[in-house]
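Colleague: Structure, please.
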Amino acid sequence: MPMDAGVIIVGGGQGGFQAAASLREEGYAGPVTLVGAEPVSPYQRPPLSKGFLTGKTPQAQLPLRPDAFYEERGIEWLAGERVTGIDRVARRVTLASGARRAYDHLVLATGAVPRMPRSPGAELEGVQALRTLADAQLLKQRLGQAHRVVVVGAGFIGLEIAVASRELGLEVEVVEFAQRALQRSVSADAAAFLSVALQARGVRFHFSTGAEAFLGEAGRVCAVQTHRGDVLPADVVVIGVGVEPDDALARESGLSVQGGVLVDDYLLTSDPAISALGDCARFPAADGAPPIRIESVQNAVDQARCIAARVVGRPVRYRKVAWFWSDQGQNRLQIAGVADPADASVLRGSIADGKFSVLRFRGDRLTAIESVNSAADHMAARKLLAAGIAVTPEQAADASVKLASLVAMAA
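Modeller: Modelled structure (predicted):
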């Protein structure tokens, strides 16, 4: 491809960073420009809901690379800048500063934005979500002055914040509209274990209810009123009810968008000069199911590498196995694959021992493996799913059958 205008990457998260780094690793010699709305260089996001809040992970450890990395590799880093428009005919973007930049190829790595409630009082001081470093800095400051925290949403980030808040000695209440924690994400067995562990740490759950209103005094939140009428005192309220793909720029430029920017097997959008990756992209599922959107660091990083290889002329279909993790105090949940909430579950190991896995099946096909404090199962799971190795429910339930041995047998 021509290398006069080069590649512009929109979004300074881990996926955007990896796209820039991988272009250089792949030997791309043209200009590479990374545009990020935040005034800081790309950093790790997972610690923001855990170690950063408790002080175990200092801010100095968050950057993915030192600032010299970008200069040494000829990556132009535009911090605190946003792309406000795309002229697809001229292959040019407009920046918030008013500048215009031409591109040979454009990569959308715009990520996602927190879904915020429309309940009365949501605008009160002390009610916030957690997505960026600035959000985490504000939340850390607020937690340091608080006694009582209410977390709205029992998803991964909500539970991680609940654990961090308890480590800081705060009273924590979690409000969840669903009947249990992690209802859309993991099996009932894994969710129950993690919920019980959090309850043992002093976290109080309120399931099957939501935040009816946020109550305030002098413009600051002081309580959350649930749909059931409970009033939960709060100095800080953290909203963790999911995210929406940040696909506004794509939609405004006329790209195909459907709950995320639609891309093909090579992560190309409806415009062959534009790719999309990470939380903002919806891509074809390997099993022929409807296109999916995955919110994980691993997915964004692997997709960035896939795009970089295609840009330099080595196209490969994106077929990586998705994997995730969530650290919640002394417990680590690791997931390989993507399960549907309706997929069957087969327990492997002992929940009472605090070390087990749950294998998920759709019919007789293995779709995902959830491992709690069982790293060996997780590593084997990634290999099983990547190779498409068949596993029966009977093998899954038999702890004497090592998952790694199934991988070896198929080799």
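
Colleague: Only C-alpha atoms from now on, for both contacts and neighbour counts.
Modeller: OK.

Colleague: immediately after the biggest helix by length in the chain, which helix or strand?
Modeller: Assignment by DSSP state H gives helix 297-311 as the longest helix of the chain. For helix 297-311, the following helix or strand on the C-terminal side (DSSP states H and E) is strand 323-328.

Colleague: For that following strand, which outside residues touch it?
Modeller: Contacts with strand 323-328, where a contact means CA atoms under 8 Å, 6 or more residues apart in numbering, come from 50, 156, 159-160, 163, 194, 296-299, 332-337, 382.

Colleague: swap in stretch 101-110?
Modeller: By CA under 8 Å, 6+ apart, the list of residues contacting stretch 101-110 reads 1-13, 15-16, 90-95, 246-247, 273-280.

Colleague: Could you identify the buried members of the residues you listed?
Modeller: Buried positions within those, assessed by neighbour count (16 or more other CA atoms under 10 Å), are 5-13, 15-16, 91-95, 246-247, 273-280.

Colleague: hang on, the earlier thing: out of the contacts of strand 323-328, which are inside strands?
Modeller: Among these, the members falling in strands (DSSP state E) are Arg332, Leu333, Gln334, Ile335, Ala336, Gly337.

Colleague: Which two among those residues are spaced furthest apart?
Modeller: Distance extremes for the ones in strands among the contacts of strand 323-328: the farthest pair is Arg332 and Gly337 at 16.6 Å, using CA to CA.

Colleague: Between those two, which has more neighbouring residues?
Modeller: Using other CA atoms under 10 Å, the more surrounded residue of Arg332 and Gly337 is Gly337, with 20 against 16.

Colleague: other SSEs contacting the helix or strand of the chain with the lowest mean pLDDT?
Modeller: Least confident helix or strand, the chain: helix 403-410 with a mean of 84, by mean pLDDT, DSSP states H and E. Where contact means 3 or more CA pairs under 8 Å, 6 or more residues apart in numbering; DSSP states H and E, helix 403-410 is packed against helix 375-387.

Colleague: With adjacent residues omitted, what lies nearest to Trp77?
Modeller: Ranked by CA to CA, 6 or more residues apart in numbering and with sequence neighbours excluded, the top spatial neighbour of Trp77 is Leu34, at 5.0 Å.

Colleague: in what helix or strand does the one you found lie?
Modeller: Here Leu34, judged by DSSP H and E, is contained in strand 32-36.

Colleague: what lines up beside that strand in the sheet?
Modeller: Paired neighbours of strand 32-36 in the sheet (DSSP bridges): strand 7-10 (parallel), strand 75-79 (parallel).

Colleague: what comes up buried for the last one?
Modeller: Neighbour counts over strand 75-79 (16+ other CA under 10 Å) mark Ile75, Trp77, Leu78, Ala79 as buried.

Colleague: Can you add pLDDT and distance to Ala399 and give the ones in strands among the contacts of strand 323-328 back as JSON lines?
Modeller: Output for these, formatted as JSON lines (pLDDT from 0 to 100; distance: CA to CA, whole Å):
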{"residue": "Arg332", "pLDDT": "96", "distance to Ala399": "20"}
{"residue": "Leu333", "pLDDT": "97", "distance to Ala399": "18"}
{"residue": "Gln334", "pLDDT": "97", "distance to Ala399": "18"}
{"residue": "Ile335", "pLDDT": "97", "distance to Ala399": "18"}
{"residue": "Ala336", "pLDDT": "96", "distance to Ala399": "18"}
{"residue": "Gly337", "pLDDT": "94", "distance to Ala399": "20"}
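
Colleague: list the contacts for Arg204?
Modeller: If you count contacts by CA under 8 Å, 6+ apart, then Arg204 has Val172, Glu173, Val174 around it.

Colleague: Show the contacting residues for the second one.
Modeller: Shown in contact with Glu173 (CA under 8 Å, 6+ apart): Val149, Val150, Val151, Ala162, Val203, Arg204, Phe205, His206, Leu232.

Colleague: Filter those residues down to the ones in strands?
Modeller: Among the contacts of Glu173, DSSP E puts Val149, Val150, Val151, Arg204, Phe205, His206, Leu232 in strands.

Colleague: burial measure for Asp287, as a count.
Modeller: By other CA under 10 Å, 8 other residues sit near Asp287.

Colleague: got a pLDDT number for it?
Modeller: On pLDDT, Asp287 comes in at 71.

Colleague: which SS state does it fall under?
Modeller: coil (DSSP: H, G, I helix; E, B strand; the rest coil).

Colleague: residues in contact with it?
Modeller: Asp287 makes no contacts at all, as judged by CA under 8 Å, 6+ apart.

Colleague: about what we covered before: got JSON lines for the buried residues of strand 75-79, with distance to Leu406 and pLDDT too?
Modeller: Converted to JSON lines, the buried residues of strand 75-79 look like this (distance: CA to CA, whole Å; pLDDT from 0 to 100):
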{"residue": "Ile75", "distance to Leu406": "44", "pLDDT": "98"}
{"residue": "Trp77", "distance to Leu406": "46", "pLDDT": "96"}
{"residue": "Leu78", "distance to Leu406": "48", "pLDDT": "97"}
{"residue": "Ala79", "distance to Leu406": "48", "pLDDT": "95"}
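
Colleague: what's the farthest-apart pair in those residues?
Modeller: Spatial extent of the buried residues of strand 75-79 (CA to CA) is set by the pair Ile75 and Ala79 at 12.1 Å.

Colleague: hmm, who's touching stretch 207-218?
Modeller: With contact meaning CA under 8 Å, 6+ apart, stretch 207-218 is reached by 119-122, 124, 152, 175-181, 221-228.

Colleague: gap between it and the chain center?
Modeller: Put simply, stretch 207-218 sits 26 Å off its chain's centre (CA atoms, centre = their mean, to the nearest Å).

Colleague: Could you tell me the end-to-end distance of it?
Modeller: By CA to CA, to the nearest Å, the extent of stretch 207-218 from end to end equals 29 Å.

Colleague: Which positions within it qualify as buried?
Modeller: Buried residues in stretch 207-218, counted by 16+ other CA under 10 Å: Phe207, Thr209, Gly210, Ala211, Glu212, Ala213, Phe214, Leu215, Gly216.
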